[in-house]
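**Q** following is a predicted model, sequence given first.
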Amino acid sequence: MWQPSLANHPGPKYKALAEALKDGVRNGALPPGSKLPTVRDLAFQLEITPGTVARAYSILVDARIFEATVGRGTFVAQVEPREDSPQIEVDPTPHGSDGLTKVANFFSPGLPNMGQAQLIRKHLARIADNPPSGLMHYPTRASSAPARKSLANWVRETPLGLLDEKDIVLSHGAQNGISLIMQAVLTGPRPVLLIEDLSYTGFRRSAELLRAEVVPVPMDEHGLIPEAIVELGRAHGAQALCTSAEVHNPTSLFTPDWRRREIAKAAAKVDLQIIEDDCYRLGPSGAPSYRMIAPERGWYVSSISKSLTPALRVGFAIAPHGRGSALRRAAEHGFFGLATPLADLTAALLSDPKAETIAGDVRREIERYVQSMVNHLGGYALQWRHDTPIAWLRLPMGWRATAFCQAAAERDIKLRPAEDFVCRDGRAPHAVRIAVNAQLPFERFERAMAEIRDLLDSPPERMGV
């Protein structure tokens with residue numbers, strides 16, 4: 001049997017394998033219709049990891065050189081590629097093409113391509129050929145209705161309470177969704193928001209744009225402390241509370257049901273609206289959302305950036321049932337609504353049964369990378385969850401987060417220090433956030449984890465200063 005050779009192709013192994021397989025198709029060694037070995041079988045033959053083979057197969061499927069059929073396997077496409085067909089393109093990380101080979105960038109999660117790129121291309125082509133909403137009109141509520149309905153179905157397993165598609169507003173990513181909710185709920189010249197004392201920077205940025213003041217609220221191992229919410233809410237006349245209860249960013253903490261109910265009661269005592277950011281959850285919900293627990297004050301925001309792709313900037317905000325008009329007004333007055341081709345694409349993509357399958361594959365691949373991280377760093381104070389693309393590493397006594405990040409950068413590893421997640425006058429713990437970048441070749445990811453462990457095992461003298 002013909003076997004690809006990686007020797008003549010420089011660069012990462014997965015790209016070398018993709019080029020070698022492409023050569024086999026061109027020279028006839030792999031004729032149209034040929035069935036490829038399974039990922040594990042080819043990995044065994046070539047003495048490389050299954051992840052490397054899977055990535056090479058995915059590149060060739062995206063290039064339409066291979067065809068993958070669930071339950072049957074991977075085959076060479078029936079139509080041979082033209083001699084002038086473009087070279088295989090590798091999607092770079094959000095931080096540049098060197099992120100795949102040299103720099104291990106853990107600033108933001110990097111999603112593996114498990115077939116979503118091909119699915120998006122397919123629907124983009126169909127919409128370009130015959131856009132359901134046309135190409136000569138402003139967005140309208142009617143033109144975005146199919147996308148809202150597809151999103152309502154996409155979140156059907158999330159415990160959100162009574163949900164109508166009219167409660168949903170499409171946004172340009174979750175960050176835009178947070179801003180829309182703040183515009184809908186905040187009033188007065190200098191409104192006040194309560195946020196977690198360690199929190200997603202987007203809450204503060206949206207507040208700054210609206211000239212709102214943010215007040216940090218202390219947390220414990222279960223999340224926000226209810227008594228502190230009441231005390232600070234009254235003292236500052238706060239109007240809303242921002243939180244990430246399912247996957248707290250940056251620490252990955254989970255707020256259990258009983259604590260959420262205590263927080264909802266505290267919010268009711270001082271009449272706070274609750275803005276819940278649920279962007280980092282990849283698996284099932286662990287508890288009811290605030291929109292379900294406190295339907296009169298719970299607002300919800302998420303996106304497809306961590307499940308399918310961040311490139312499209314498709315997010316959504318959900319108002320309490322029956323209060324969607326304020327949210328729609330904020331969007332329509334701000335940007336008229338999502339561009340009609342993008343709304344059409346959202347409807348088509350999220351209605352495709354393959355999208356949910358791919359989202360599951362993305363989660364499982366992320367889990368594989370998380371397990372590698374735990375294998376290397378689990379001996380330290382690492383806070384992690386198997387289906388969550390961020391982890392929180394508390395540094396041993398004497399370490400300083402900024403200096404640790406600088407030392408990691410000298411080894412081509414980018415991490416985010418705790419200082420990035422506190423208010424300007426807040427005190428940051430000595431910790432760093434590691435975002436799982438599954439766009440890195442698995443071997444490069446493991447090497448970076450070993451480098452981080454080496455830094456932890458033997459800190460330079462200057463890092464204790």
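**A** Here it is on my side, so go on.

**Q** make it CA atoms for all contacts and neighbour counts henceforth
**A** Noted.

**Q** what segments of the stretch 101-250 of the chain are helices?
**A** 116-129, 141-154, 173-185, 201-209, 226-236 (DSSP state H, counting those that start in this stretch).

**Q** what does the fourth one rub up against?
**A** By CA atoms under 8 Å, 6 or more residues apart in numbering, the list of residues contacting helix 201-209 from outside reads 175, 178, 179, 182, 193, 195, 213, 214, 242, 420, 421, 422.

**Q** tell me the mean pLDDT for that helix?
**A** Confidence for helix 201-209, expressed as mean pLDDT, is 92.

**Q** could you do stretch 259-273 as well?
**A** Here the average pLDDT along stretch 259-273 is 98.

**Q** need the residues that contact it.
**A** With CA under 8 Å, 6+ apart as the criterion, stretch 259-273 contacts 185, 222-227, 229-230, 233-234, 238-241, 245, 274, 290, 293-294, 297-299.

**Q** ok so, going back, which of the contacts of helix 201-209 are buried, as a ChimeraX select command?
**A** Command for ChimeraX, covering only those of the contacts of helix 201-209 found buried under the criterion 16 or more other CA atoms under 10 Å:
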select :175,178,179,182,193,195,214,242,420,421,422
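
**Q** of all the contacts of helix 201-209, which two lie farthest apart?
**A** Farthest-apart pair in these is 182 and 420; separation 21.7 Å (CA to CA).

**Q** helices of the stretch 301-450 of the chain, start to end?
**A** 324-335, 340-351, 353-377, 401-409, 442-457.

**Q** okay if I get these as a markdown table plus mean pLDDT?
**A** Compiled in a markdown table, the helices of the stretch 301-450 of the chain are given as follows (pLDDT from 0 to 100):
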| stretch | mean pLDDT |
| --- | --- |
| helix 324-335 | 94 |
| helix 340-351 | 96 |
| helix 353-377 | 95 |
| helix 401-409 | 91 |
| helix 442-457 | 93 |
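
**Q** most tightly packed of the ones you listed?
**A** Among the helices of the stretch 301-450 of the chain, ranked by average contacts under mean count of other CA atoms under 10 Å, first place goes to helix 340-351 (a mean of 22).

**Q** on contacts alone, who are the packing partners of that helix?
**A** Packing partners of helix 340-351 (3 or more CA pairs under 8 Å, 6 or more residues apart in numbering; DSSP states H and E): helix 116-129, helix 141-154.

**Q** format those as TSV; extra columns: mean neighbour count and mean pLDDT.
**A** Shown next, in TSV, are those (neighbours: other CA atoms under 10 Å; pLDDT from 0 to 100):
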stretch	mean neighbour count	mean pLDDT
helix 116-129	16	93
helix 141-154	19	95
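
**Q** can I get the ones you listed in JSON lines with distance to residue 370?
**A** Converted to JSON lines, these look like this (distance: least, CA to CA, whole Å):
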{"stretch": "helix 116-129", "distance to residue 370": "21"}
{"stretch": "helix 141-154", "distance to residue 370": "25"}
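
**Q** for stretch 26-46, which positions count as buried?
**A** Using 16+ other CA under 10 Å as the test for burial, stretch 26-46 gives 29, 30, 31, 32, 35, 36, 39, 42, 43.

**Q** distance between it and the chain's centre?
**A** On the basis of CA atoms, centre = their mean, to the nearest Å, stretch 26-46 sits 32 Å off its chain's mean C-alpha point.

**Q** on that earlier part again, can you put the helices of the stretch 101-250 of the chain in TSV and add distance to residue 54?
**A** Putting those into TSV (distance: least, CA to CA, whole Å) gives the following:
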stretch	distance to residue 54
helix 116-129	14
helix 141-154	26
helix 173-185	29
helix 201-209	34
helix 226-236	47
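
**Q** between these, which one is closest to residue 366.
**A** Closest of the helices of the stretch 101-250 of the chain to residue 366 is helix 116-129, at 14.8 Å (criterion: CA to CA).

**Q** what's the local residue count around the closest residue to residue 331 other than its chain neighbours?
**A** Nearest residue to residue 331 in three dimensions, chain neighbours excluded: residue 337, at 6.0 Å (CA to CA, 6 or more residues apart in numbering). Residue 337: 23 surrounding residues under other CA atoms under 10 Å.

**Q** dump the C-alpha coordinates for the one helix or strand residue 67 maps to into PDB.
**A** The secondary structure element spanning residue 67 is strand 66-69 (assigned by DSSP states H and E). C-alpha atoms of strand 66-69 as PDB (Å, rounded to 0.1, in the frame of the first residue of the first chain):
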ATOM      1  CA  PHE A  66     -11.100  14.700   0.500                       C
ATOM      2  CA  GLU A  67     -14.700  13.900   1.400                       C
ATOM      3  CA  ALA A  68     -15.700  12.800   4.900                       C
ATOM      4  CA  THR A  69     -18.900  10.900   5.600                       C
END
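
**Q** after it, next one along is what?
**A** Next element after strand 66-69 (DSSP H and E): strand 73-76.

**Q** buried sites along that next one?
**A** By 16+ other CA under 10 Å, the buried positions in strand 73-76 come out as 74, 75, 76.

**Q** now swap in stretch 215-230 and tell me
**A** Those would be 215, 216, 217, 218, 223, 224, 225, 226, 228, 229, 230, for stretch 215-230 by 16+ other CA under 10 Å.

**Q** now that stretch, how far from the chain's geometric center?
**A** Worked out by CA atoms, centre = their mean, stretch 215-230 lies 25 Å from the chain centre.

**Q** confidence score at residue 292?
**A** 98.

**Q** any idea how far residue 351 is from residue 425?
**A** Distance, residue 351 to residue 425, by CA to CA, to the nearest Å: 46 Å.

**Q** same deal with residue 216?
**A** Distance, residue 216 to residue 425, by CA to CA: 10 Å.
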